[in-house]
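1. What shape does this take:
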Amino acid sequence: MPLFSKKAPEPKKQTFVIAGLTVNVYSQPKATKPNAPVAVAFLLHGRNGTALRMEEFMLGIFDGIHARRAKHDGDAQDLYIVTLDHRNHGKRLVEKQANQGWFDDTAQNNERHAIDMYAIQTGTAQDVSYLIDFLPSYLFPNEERTISQFLCIGKSLGGHATWIVLRNEPRIKIAVPIIACPDYLALMSRRARSHKLPVGPPYFPASLLALIARADPCTAPYTAPDASNPFHGKKILVLSGQDDKKVPWTSAQTFVEDLNVGAHGVKEVIVEPGVGHEFSPAMVKECARFVWDHALVA
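-> Numbering: from 1, shown residues only. Here you go, the predicted structure:
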């Protein structure tokens, strides 16, 4: 089932190499005034995925935006979508084994699964912050336009990274974590138990547990009704599959239900029936709708 109707104009693709990091930026033909500000959304892939594999989802989001823009009478910002290979993925792949999970088969097994996955998630979140610093200079070197806001959309591992971005990057105020979990230990403890592994050394070294306690979304004061809560005032759409076995909704449910975004924030939660660990066509449509409503016309 296609994710997009192909009714939207073919997006323009620009590729930049930013200190060795290849970054793709997609945009539709300008629908606003030539010098109007633009919104930029990072679209983050999953484990063992690539930037290239996110093109279908990028097209689906643009299709939803295009359909809404065609019916809209007022002003709406343009949207740019950014994709990149995450650390140790795609063109940045160095060690394939480091992207594997725990397996009984020693040829596939990665004993450092808990360490490697958190390293990739946090590294991806750091890449997002790094690119927020530098993308304006690459996109608009003559200050042709300005970037009004940055958004983050992530699938699976990219969704985990999106939660970390939301917690640690104040410049990201709108985000869509998809089939993801904001509580790393809740997710990985369940996996460890299924393999009869301890949530301790060597699989979960003390240094890793200390890092998680310091930086993970679920260790922030996410229920606080004030600025001490890094999610306060942010606009978040949570998309999950009811039948997801890899990242069960129950791993994220307590956090998401208790999450306080305040009176000026937005929290929407959609757990799609009959859907497993996938970025479904319905989720793509909801993502486009949320970006349109809260970033482009808000």
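2. residue ranges for the strands of this structure, please.
-> Along the chain, the stretches classed as strands by DSSP state E are 12-18, 21-27, 38-44, 78-84, 147-155, 172-178, 235-241, 266-272.
3. residues contacting residue 245?
-> Shown in contact with residue 245 (Cβ atoms under 8 Å, 6 or more residues apart in numbering): 276-277. For glycine as for every other residue, the C-beta is placed from the backbone atoms N, C-alpha and C.
4. Which pLDDT value goes with it?
-> As predicted, residue 245 sits at a pLDDT of 95.
5. Residue 285 touches residue 64, doesn't it?
-> Yes: applying Cβ atoms under 8 Å, one finds residue 285 in contact with residue 64, separated by 5.5 Å.
6. And the two? Which one has more around it.
-> Higher neighbour count among residue 285 and residue 64: residue 64, with 23 against 17, using other Cβ atoms under 10 Å.
7. gap between the more buried one and residue 130?
-> Distance of residue 64 to residue 130, computed by Cβ to Cβ, to the nearest Å: 29 Å.
8. Equivalent analysis for residue 53, please.
-> Distance of residue 53 to residue 130, computed by Cβ to Cβ: 22 Å.
9. The two: which is more packed in?
-> Neighbour count, other Cβ under 10 Å: between residue 53 and residue 130, residue 53 has more, with 16 against 13.
10. Which residue, neighbours along the chain excluded, lies closest to the more buried one?
-> residue 45 (6.0 Å; Cβ to Cβ, 6 or more residues apart in numbering).
11. for that neighbour, what are its contacts?
-> Contact analysis of residue 45 by Cβ under 8 Å, 6+ apart lists 51, 53-54, 83, 85-86, 89, 154-158.
12. count of neighbours near residue 207?
-> For residue 207, the neighbour count with other Cβ under 10 Å is 10.
13. Which pLDDT value goes with it?
-> Confidence for residue 207, expressed as pLDDT, is 98.
14. picking that back up, I'd like the strands of the chain laid out as JSON lines, including distance to residue 164, mean neighbour count and mean pLDDT.
-> Formatted as JSON lines, the strands of the chain follow (distance: least, Cβ to Cβ, whole Å; neighbours: other Cβ atoms under 10 Å; pLDDT from 0 to 100):
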{"stretch": "strand 12-18", "distance to residue 164": "20", "mean neighbour count": "13", "mean pLDDT": "97"}
{"stretch": "strand 21-27", "distance to residue 164": "18", "mean neighbour count": "19", "mean pLDDT": "97"}
{"stretch": "strand 38-44", "distance to residue 164": "11", "mean neighbour count": "24", "mean pLDDT": "97"}
{"stretch": "strand 78-84", "distance to residue 164": "16", "mean neighbour count": "25", "mean pLDDT": "97"}
{"stretch": "strand 147-155", "distance to residue 164": "10", "mean neighbour count": "24", "mean pLDDT": "97"}
{"stretch": "strand 172-178", "distance to residue 164": "10", "mean neighbour count": "25", "mean pLDDT": "98"}
{"stretch": "strand 235-241", "distance to residue 164": "13", "mean neighbour count": "24", "mean pLDDT": "98"}
{"stretch": "strand 266-272", "distance to residue 164": "18", "mean neighbour count": "16", "mean pLDDT": "98"}
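15. about what we covered before: I'd like to know which of the contacts of residue 45 is nearest to residue 137.
-> Nearest to residue 137 among the contacts of residue 45 is residue 83, at 19.0 Å by Cβ to Cβ.
16. Perfect, I'm done here.
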